[in-house]
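Novice: sequence unknown, structure follows:
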Ligand code: GLV
């Protein structure tokens, strides 16, 4: 019997592809860039499974292009805002993601951004590269302290908790958080306090965003919210760009309403070439590398392969999106 065909939207770590091969013929998109829309629509045609990336929009058009035999979409990411879940569920298509295995890597990037922006590392690096470093400067490149400050975690899921633990353990930071549900064990462990978003913004020295992107989380941090932040506060976003109103952030940074921002995510990705954010020395932007460690990416490849195989076989996915 011939094997089912699966479309894999980009080269992922080989460990994932090797897991899939015994179960399916892999139609691999090999380019460095994501498939264009036309390539995606052509690539999924006749497939029973799709292994997608966060840059691939998986919606009705893709489901139609694939055909009725499509059984599973396995996202190589913990976030799944790129997939039309309602439509997948209506069609009986299983959807999976790769939770947990990228928690530490992403929390490390959030803390890296926080340190780098607070200590003005982008400016320091630029000064060295441009030969502007003339002497040891008593007043030069002076940044923020971390010890004993207050961090506000917006969205206390797995990654938010990992960030809170790092900042509380490393710098004895007081932890405030927002969450639909109280996290009582974490409150006990870290002395964390659940507060309203406004109180968090008014009180925190560092604000780190860890919400999933959904209709009700878009622009959760807008002009009003930014205006509540302390003038010396730093905003970190490693979740999804859309959660912060980027224009409002540009204005707040330009007018020095906050100390700085560290973004691993933005809108669009990559950031537009003429975005003013690129020019702001107190805004550090990374190319969405939260999960970019060897361990995390290999584990993501394994989990996404396991989801794909389970879906092809009509079994419950080990890591389903609910
Ligand atoms: C990365 O942003 C992910 O959702 O895995």
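Specialist: Sure thing, it's come through. Since we're looking at a predicted model, the values are computed, not measured.
Novice: name the SS class of residue 297, please.
Specialist: Recorded secondary structure, residue 297: helix (DSSP: H, G, I helix; E, B strand; the rest coil).
Novice: and the stretch 201-322 of the chain, which residues reach the ligand?
Specialist: 290-291 (C-beta under 6 Å from any ligand atom). Every residue, glycine included, has its C-beta placed from N, CA and C.
Novice: for the stretch 201-322 of the chain, what spans make up the strands?
Specialist: Applying DSSP state E, counting those that start in this stretch to the stretch 201-322 of the chain gives strands spanning 206-209, 234-237, 260-263, 283-285.
Novice: can you list the strands that the shortest one pairs with?
Specialist: Pairing partners of strand 283-285, with direction, according to DSSP bridges: strand 260-263 (parallel).
Novice: ok, now which ones touch the spatially most central residue of the chain?
Specialist: With distances taken as C-alpha atoms, centre = their mean, residue 239 lies nearest the centre of the chain, 3.6 Å away. For residue 239, the residues meeting the contact criterion (C-beta atoms under 8 Å, 6 or more residues apart in numbering) are 79, 155, 159, 209-213, 265.
Novice: one more pass at 10 Å, please.
Specialist: With contact set as C-beta atoms under 10 Å, 6 or more residues apart in numbering, residue 239 has these partners: 79, 81, 106, 110, 154-155, 157, 159-160, 208-213, 217, 220, 264-265, 290.
Novice: same thing with residue 319?
Specialist: Contact criterion C-beta under 10 Å, 6+ apart gives 74-75, 78, 96-101, 303-304, 306-307, 310 as the residues in contact with residue 319.
Novice: what is the nearest of those to residue 11?
Specialist: Residue 11 lies nearest to residue 304 out of these, by C-beta to C-beta, at 12.9 Å.
Novice: just checking, the closest one touches residue 54?
Specialist: No. Counting by C-beta atoms under 10 Å, no contact exists between residue 304 and residue 54, whose distance comes to 11.6 Å.
Novice: give me the more crowded residue out of these two.
Specialist: When neighbours are counted by other C-beta atoms under 10 Å, residue 304 and residue 54 differ, and residue 304 comes out ahead with 27 against 22.
Novice: list phi and psi for residue 197.
Specialist: Backbone torsions of residue 197, given as degrees, to the nearest 10, read phi -60, psi -40.
Novice: on that earlier part again, make a markdown table from the contacts of residue 319 and add distance to residue 13 to it.
Specialist: Compiled in a markdown table, those are given as follows (distance: C-beta to C-beta, whole Å):
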| residue | distance to residue 13 |
| --- | --- |
| 74 | 14 |
| 75 | 15 |
| 78 | 16 |
| 96 | 17 |
| 97 | 16 |
| 98 | 12 |
| 99 | 17 |
| 100 | 17 |
| 101 | 12 |
| 303 | 11 |
| 304 | 10 |
| 306 | 14 |
| 307 | 15 |
| 310 | 19 |
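Novice: find the pair from the residues you listed with maximum spatial separation.
Specialist: By the measure C-beta to C-beta, 78 and 310 form the most distant pair in the contacts of residue 319, at 17.6 Å.
Novice: re the thing from before, which one (most neighbours) among the contacts of residue 319?
Specialist: Most neighbours among those, by other C-beta under 10 Å: residue 74, with 31 neighbours.
Novice: next secondary structure after the helix or strand that contains residue 110?
Specialist: In this assignment (DSSP states H and E), residue 110 forms part of helix 103-118. If you walk from helix 103-118 toward the C-terminus, the next helix or strand you reach (DSSP H and E) is helix 121-129.
Novice: what mean pLDDT does that following helix have?
Specialist: Summarised as a single mean, pLDDT over helix 121-129 is 97.
Novice: next one: that helix to chain centre, how far?
Specialist: 26 Å (C-alpha atoms, centre = their mean, to the nearest Å).
Novice: show residues contacting that helix.
Specialist: So helix 121-129 is contacted by 112-113, 115-117, 120, 132-134, 137, 140-141, 143, 260, 262, 280-285 (C-beta under 10 Å, 6+ apart).
Novice: mind checking which of these are buried?
Specialist: 112-113, 115-117, 120, 143, 260, 262, 280, 282-285 (16 or more other C-beta atoms under 10 Å).
Novice: and for residue 169, the neighbour number?
Specialist: Residue 169: 10 neighbours (other C-beta under 10 Å).
Novice: residues in contact with it?
Specialist: Counted by C-beta under 10 Å, 6+ apart, residue 169 has contacts residue 190.
Novice: repeat for residue 98
Specialist: Counting by C-beta under 10 Å, 6+ apart, residue 98 has contacts 16, 74-80, 291, 296-297, 299-307, 319.
Novice: what do you get if the cut-off is 6 Å, keeping everything else the same?
Specialist: Remark: with contacts taken as C-beta atoms under 6 Å, 6 or more residues apart in numbering, residue 98 is in contact with 78, 300, 303-304.
Novice: thinking again about what came up before, next step: the contacts of residue 239 restricted to helices.
Specialist: In helices, defined here by DSSP state H, the members of those are 106, 110, 159-160.
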